[in-house]
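1. Whatever this is, show me its structure:
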Amino acid sequence: MPRKALVCCFILLSTLPASFAQKTDAVPTSQSSEETLAEDSVFRSRSLDRDMHYLVLLPHDYGNGRNFPVLYLLHGIYGDYKNWDTRTGLESYARTISFLIVMPDADDSWYTNSATVPHDKFEDYIARDLISEIDAKYRTIRERHARAIAGLSMGGYGAVKLALKYPELFAFAGSLSGAFNAPQNLGHLRPEFRAKLQEVFGDASNRTRRENDIFLLLKTTHEYPYLYLACGTGDFFLATNRDLAVRLSSQKLPYEYHETAGGHTWEYWDSALDPMLHTVARYFKSGATPDRK
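-> Residues are numbered from 1 along each chain as shown. Purely as a prediction, here's the structure:
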């Protein structure tokens with residue numbers, strides 16, 4: 001059984017962030033190099049029946065002709081596919097890594113097939129359409145061990161949820177400030193999200209909530225991805241991140257959990273991104289639990 005690490009730094013903070021809208025709560029911190037590695041593309045999603053945008057960051061050695069692993073990096077609610085590239089130092093951090101980073105647009109979908117809007121099949125869009133698009137267009141290693149998924153907030157929830165539902169597709173899932181309680185009680189805790197959560201997951205008795213509840217999925221999955229969780233001590237989602245870490249520990253599943261100072265802000269996500277990318281890189285290199293020594 002791979003080793004697990006529980007990295008915690010408990011800091012008492014007197015306030016919680018007033019908002020976690022990804023477009024408004026922080027100043028962009030992009031540290032992109034002068035020569036961008038990002039390619040902006042659009043393709044037709046069969047599941048959504050419309051065109052969808054995505055950004056691809058190619059590795060520095062993509063020109064050598066070999067095939068590469070892929071990390072799918074998901075944005076948060078109120079965000080878009082350019083956020084990671086424009087609001088963090090992603091391009092700077094990725095200069096020495098050897099895998100593709102794909103950043104898809106997904107609206108405020110919670111990366112879920114909507115319970116109330118039939119044509120909003122955003123889970124199928126990621127798991128079926130996008131992966132097929134990337135594998136057809138780029139030189140990728142088309143196997144589970146060479147495919148990872150990660151995200152922040154809504155995207156952190158989406159990454160872990162998709163990896164648990166499609167273990168044949170993803171060997172690694174990472175989350176920064178994951179909103180893991182989205183199908184559970186988030187609508188009651190944060191009324192400003194209630195309408196969209198109701199649209200995506202349906203009412204309390206709707207099976208879409210159960211089918212997309214990460215804590216319930218942990219009881220049904222048989223092949224687990226390696227899970228990387230990180231959350232700031234001043235984040236509204238701290239409690240649900242701790243709950244998930246405890247559950248993973250109790251089931252003796254392969255994971256690591258990092259808890260450091262920070263809130264639900266781009267400043268925190270930027271600081272937490274580089275360590276996560278290095279963990280993904282070590283995972284792809286070893287094909288097993290990353291060595292964190």
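
2. Specify the local secondary structure of Ala55.
-> I think there's a mix-up here, since residue 55 is Leu and not Ala. strand (DSSP: H, G, I helix; E, B strand; the rest coil).

3. what sits against His119?
-> By C-beta atoms under 8 Å, 6 or more residues apart in numbering, the contact list for His119 reads Leu48, Asp49. Bear in mind the C-beta positions are built from the backbone N, C-alpha and C, glycine included.

4. Doesn't it lie inside a helix?
-> No: read with three-state DSSP, His119 is coil and lies in no helix.

5. Against Met103, how distant is the residue lying closest to Val56 once chain neighbours are set aside?
-> Distances taken as C-beta to C-beta, 6 or more residues apart in numbering put Glu39 closest to Val56, at 4.7 Å, once the chain neighbours are dropped. According to C-beta to C-beta, to the nearest Å, Glu39 stands 11 Å off from Met103.

6. Name the residues contacting each of these two.
-> By C-beta under 8 Å, 6+ apart, the residues touching both Glu39 and Met103 are Leu55, Val56, Leu57.

7. What residues of the longest helix seen in the chain count as buried?
-> The residue-count maximum for a helix in the chain (DSSP state H) belongs to helix 266-286. For helix 266-286, the neighbour count (16 or more other C-beta atoms under 10 Å) marks 266-273, 275-277, 279-281, 283-284 as buried.

8. Also stretch 203-216?
-> Neighbour count says stretch 203-216 has Asn206, Thr208, Arg209, Glu211, Asn212, Asp213, Ile214 buried, by 16+ other C-beta under 10 Å.

9. Out of those residues, flag the one nearest to Gly178.
-> Ile214 (8.4 Å; C-beta to C-beta).

10. list the contacts for the closest one?
-> Ile214 is in contact with Tyr157, Val160, Lys161, Leu164, Phe180, Leu244, counting by C-beta under 8 Å, 6+ apart.

11. quick check, distance from the helix or strand Ile149 falls within to the centre of its chain.
-> Counting by DSSP states H and E, the element that carries Ile149 is strand 147-152. In terms of C-alpha atoms, centre = their mean, to the nearest Å, the centre of strand 147-152 is found 4 Å from the chain centre.

12. tell me the angle of it relative to helix 266-286?
-> 170 degrees (axes from the mean of the first three to the mean of the last three C-alpha atoms, to 10 degrees).

13. got the contact list for whatever helix or strand comes next after strand 147-152?
-> Sequence order places helix 154-165 as the next helix or strand after strand 147-152, per DSSP H and E. The contact list for helix 154-165 (C-beta under 8 Å, 6+ apart) reads 72-77, 79, 106, 108, 110-112, 123, 126-127, 149-151, 169-170, 172-180, 182, 212, 214, 217-218, 221, 224-225, 227, 229, 244.

14. Now do Met276, the pLDDT please.
-> Predicted confidence (pLDDT) for Met276: 98.

15. try Val200
-> The predicted local confidence for Val200 is 98.

16. leaving aside the residues next to it on the chain, what's closest to it?
-> Trp110 (4.8 Å).

17. any weak-confidence spans in the stretch 1-150 of the chain?
-> Counting by pLDDT under 70, the stretch 1-150 of the chain shows low-confidence ranges at 1-36.

18. let's see 80
-> 1-37 (pLDDT under 80).

19. Can you tell me which residue is spatially central in the chain?
-> Gly151 (2.1 Å; C-alpha atoms, centre = their mean).

20. that older thread, which strands or helices does the helix or strand encompassing the residue nearest to Val56 pack on?
-> Element membership of Glu39, judged by DSSP H and E, is strand 38-45. Judged by 3 or more C-beta pairs under 8 Å, 6 or more residues apart in numbering; DSSP states H and E, strand 38-45 is in contact with strand 50-57.

21. Okay, now the sheet partners of the strand it packs on, with direction.
-> Here strand 50-57 is paired, per DSSP bridges, with strand 38-45 (antiparallel), strand 100-104 (antiparallel).

22. where does Asp85 land in three-state SS?
-> Here Asp85 takes the helix state, with states given by three-state DSSP.

23. doesn't Asp40 make contact with it?
-> No: applying C-beta atoms under 8 Å, one finds Asp85 not in contact with Asp40, separated by 9.3 Å.

24. Comparing those two, which shows the higher neighbour count?
-> Between Asp85 and Asp40, counted using other C-beta atoms under 10 Å, the more crowded position is Asp85 (22 against 13).
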